[in-house]
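Trainee: no sequence for this one, just the structure:
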């Protein structure tokens, strides 16, 4: 659909008093420069990469650096200003990142586009809502004449239209978008804290052996409680450490292969040429579906398959709670299945055995990935095979310890799953309301009334 068609479509539904303008009349945009790897150095002016625009705010994570004098002579006009909006042209479509005080002055790499309102008649919050909405993305996708587009650039932006309400309405829409963003960010931050507590519990019990050391050192007496160690767990742990191939381990605990604790299940992909295999109600996980590390669970996947697709391929259905780990390409990404699902052949699913629960398996796999990275001396390890799981040596606690750990870890991880599902519902509500607000099909007062009725 051409830009003129979109302009006509917006004009047909926009309320009286709204305008529909070419995007170039309202917004300044600029794609980052192409910079060669030979210009990278260990310090200097940050060069923002794709990793830096995966969140709501531009971060310096994954950035390279450029010589200040070279930036001053060649790329100074590309430097970001606080409040700029940055999006990727080739991945994470719909994700808009705002430049903060920390990232101001950095240079965006090619493939990243920065946006600024052109005049004071354009509210930055409204612009952010537009760039993150289907009203924008539908125009991006239309530039490929109906095919799936995986890249866009300034030439496409020059063909787009922007529905433009009066400034007061813009601010109201921007504020509503901000409210959604803040609630989703709060959920993410809560999950980050909960995930950190689960990791800390795992490390205390199965890496540092803190309960055993507390008994040995006399810090934990029968009938007493310690932080994270209630009195009723006292008899669960021995009061001695003994030598093993992994160093000191609690007396009575085993040492073996990581594969002794998990069942390893391979994945598969139904034939893409058979349309009847795709678009069903069975989630099909691939590495692009990996959730943020703090969210842990995957509850929705980009692609899904049908029952016939499952039966007609090597894909395997695993139940809710299985850990999925990427084994080739992007290696070591982890997720817990938040519902029954299947996955492609570049991943394995791990299910606990010999008493290992799903949360113990996930946190053990997380630790295993850290070990593999350390063994590779900081380089990216290229693949994980079944032999990898057999080669990694691990402590194997007794079943009664594993059962208690699962109960304790569930306090944190079950809460994360609840938050992930709630965030998904909130994001769906946002994605339904914002495009209607931006086009004028729905007014802010009606959206506020709708949210109030839903208790949002």
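Mentor: The structure has been received and is ready for your questions. No experiment lies behind these values; they were computed from the predicted model shown.
Trainee: How is this protein divided into domains?
Mentor: 3-164, 259-396 (automatic domain parsing).
Trainee: And for residue 305, the neighbour number?
Mentor: Neighbours of residue 305 under the rule other CB atoms under 10 Å: 27. From N, CA and C alone the C-beta is placed, and that goes for glycine too.
Trainee: next one: residue 272
Mentor: Residues near residue 272, counting by other CB under 10 Å: 10.
Trainee: Quick check on the spatially closest residue to it that is not a sequence neighbour: phi, psi?
Mentor: Nearest residue to residue 272 in three dimensions, chain neighbours excluded: residue 278, at 7.2 Å (CB to CB, 6 or more residues apart in numbering). The phi and psi values for residue 278, taken as degrees, to the nearest 10, are phi -120, psi 150.
Trainee: and residue 278, how many neighbours?
Mentor: Neighbour number of residue 278 under other CB under 10 Å is 16.
Trainee: Could you do the one 10 residues further on as well?
Mentor: For residue 288, the tally of surrounding residues (other CB under 10 Å) stands at 11.
Trainee: Quick check: closest non-adjacent residue to it.
Mentor: residue 302 (5.7 Å).
Trainee: Tell me which stretches of the stretch 251-400 of the chain form strands.
Mentor: Remark: strands assigned in the stretch 251-400 of the chain by DSSP state E, counting those that start in this stretch are 254-257, 262-266, 278-285, 297-298, 303-305, 323-326, 334-337, 342-343, 347-352, 393-396.
Trainee: check contacts around the residue most central in space within the chain.
Mentor: The chain has residue 292 as the residue nearest its centroid, 2.7 Å off, counting by CA atoms, centre = their mean. For residue 292, the contact set (CB atoms under 8 Å, 6 or more residues apart in numbering) comprises 188, 191.
Trainee: Same question for residue 108.
Mentor: Residue 108 touches 31, 32, 47, 48, 78, 80, 86, 114, counting by CB under 8 Å, 6+ apart.
Trainee: beta partners of it?
Mentor: residue 48 (DSSP bridges).
Trainee: and the gap between it and residue 131?
Mentor: Distance, residue 108 to residue 131, by CB to CB, to the nearest Å: 15 Å.
Trainee: and residue 8, how many neighbours does it have?
Mentor: Using other CB under 10 Å: residue 8 sits among 13 other residues.
Trainee: which SS state does it fall under?
Mentor: helix (DSSP: H, G, I helix; E, B strand; the rest coil).
Trainee: contacting residues around residue 51?
Mentor: Counted by CB under 8 Å, 6+ apart, residue 51 has contacts 59, 61, 62, 63.
Trainee: if you set the cut-off to 7 Å instead, what comes out?
Mentor: Taking CB atoms under 7 Å, 6 or more residues apart in numbering, we find residue 51 in contact with 61, 62.
Trainee: Check residue 206 too.
Mentor: Per CB under 7 Å, 6+ apart, neighbours of residue 206: 395, 397.
Trainee: what's the pLDDT at it?
Mentor: For residue 206, the pLDDT comes out at 97.
Trainee: Return the set of residues that bridge with the residue nearest to residue 272.
Mentor: Listed beta-bridge partners, residue 278: residue 305 (assigned using DSSP bridges).
Trainee: Near residue 82, how many residues? Count them for me, please.
Mentor: By the criterion of other CB under 10 Å, residue 82 has 13 neighbours.
Trainee: returning to that earlier point: distance-wise, check the residue nearest to residue 272 relative to residue 269.
Mentor: Separation of residue 278 from residue 269 (CB to CB): 10 Å.
Trainee: Just give the nearest non-adjacent residue to residue 82, would you?
Mentor: Leaving aside its chain neighbours, residue 82 sits nearest to residue 104 (4.2 Å; criterion: CB to CB, 6+ apart).
Trainee: quick one: that neighbour from residue 114, how far?
Mentor: 11 Å.
Trainee: These two: who's more crowded?
Mentor: Using other CB under 10 Å, the more surrounded residue of residue 104 and residue 114 is residue 114, with 23 against 14.
Trainee: phi, psi of the more buried one?
Mentor: phi -100, psi 150.
Trainee: thinking it is in contact with residue 81, fair?
Mentor: No. The criterion here is CB atoms under 7 Å, and residue 114 misses it with residue 81 at 8.4 Å.
Trainee: so for stretch 69-89, what's the average pLDDT?
Mentor: Stretch 69-89 comes out at a mean pLDDT of 94.
Trainee: ugh, wrong one, stretch 255-265
Mentor: 95.
Trainee: Endpoint to endpoint, it covers what distance?
Mentor: End-to-end distance of stretch 255-265 (CA to CA, to the nearest Å): 23 Å.
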